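> Need coordinates for the below:
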Amino acid sequence: MNLSKLLGLKLKDDEMLDVLEENGIEEVVYEFDRTHENMPDLYWAGAKKEGFLLRFNQHQICDAVFCYIEPSEGYNKINPELIGVTTYGSFASAEQECKRLNLSYSVAKPEMQRSWLRIDDGPFRRHFQFKGGALFRVTLSAHGRQ
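Numbering: from 1, shown residues only. Next up, the predicted model:
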């Protein structure tokens, strides 16, 4: 499985339904705008044992995949090979690779220095979150979403 290939798929696409079934995801949580703030509705499907969470937009299209490199929020550590992108063990190695490959990337403001790096090049964004100097979470998202 390559989680990056799920971006852009609809919740009820056969390929997505196969992923949900193969990973024991039996429920999808619907989050609606109960505060009337014109926020779009969202759908969430998590594979806690496998270490990833899928987010679907108001059109039920997968627009983000959260990959837990370290256990957190009830999610186990993911097998990095499932993510479908290169991962970096540290902020320095991620930034060095971006510079070497001349990739468009963003980093955290000075007060949160070295806590995250986002690569904007390619068909989707790759957001790397670091905690204590080590990679903690990788988020894949459609352009226009964080």
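> Next up, the contacts around Arg118.
Contacts for Arg118 (CB atoms under 8 Å, 6 or more residues apart in numbering) come out as Tyr105, Ser106, Val107, Arg125, Arg126, His127, Phe128, Gln146. Every C-beta, even on glycine, is put in place using the N, C-alpha and C of the backbone.
> beta partners of the first one?
Beta-bridge pairing for Tyr105 (DSSP bridges): Ile119.
> burial measure for Ala108, as a count.
Around Ala108 there are 15 other residues, counting by other CB atoms under 10 Å.
> thought it was touching Trp116?
Yes - contact status for Ala108 versus Trp116: in contact at 5.0 Å, counting by CB atoms under 8 Å.
> if I pick the closest residue to Ser4 other than its chain neighbours, what's in contact with it?
Nearest residue to Ser4, sequence neighbours excluded (CB to CB, 6 or more residues apart in numbering): Gly84, at 3.4 Å. Shown in contact with Gly84 (CB under 8 Å, 6+ apart): Asn2, Leu3, Ser4, Lys5, Leu140.
> Isn't Phe66 up against Ser141?
No - at 9.1 Å, Phe66 and Ser141 do not qualify as touching, with contact defined as CB under 8 Å.
> And those two? Which one has more around it.
Set Phe66 next to Ser141 and count neighbours by other CB under 10 Å: Phe66 wins out with 23 against 19.
> re the thing from before, what kind of secondary structure is the residue nearest to Ser4 in?
Under DSSP: H, G, I helix; E, B strand; the rest coil, Gly84 falls in the coil class.
> Kindly report the same for the one 5 residues further on.
Using three-state DSSP, the structure places Gly89 in coil.
> Would you mind measuring from the residue nearest to it when sequence neighbours are not counted to Phe91?
Leaving aside its sequence neighbours, Gly89 sits nearest to Leu135 (CB to CB, 6+ apart; 5.7 Å). Separation of Leu135 from Phe91 (CB to CB, to the nearest Å): 8 Å.
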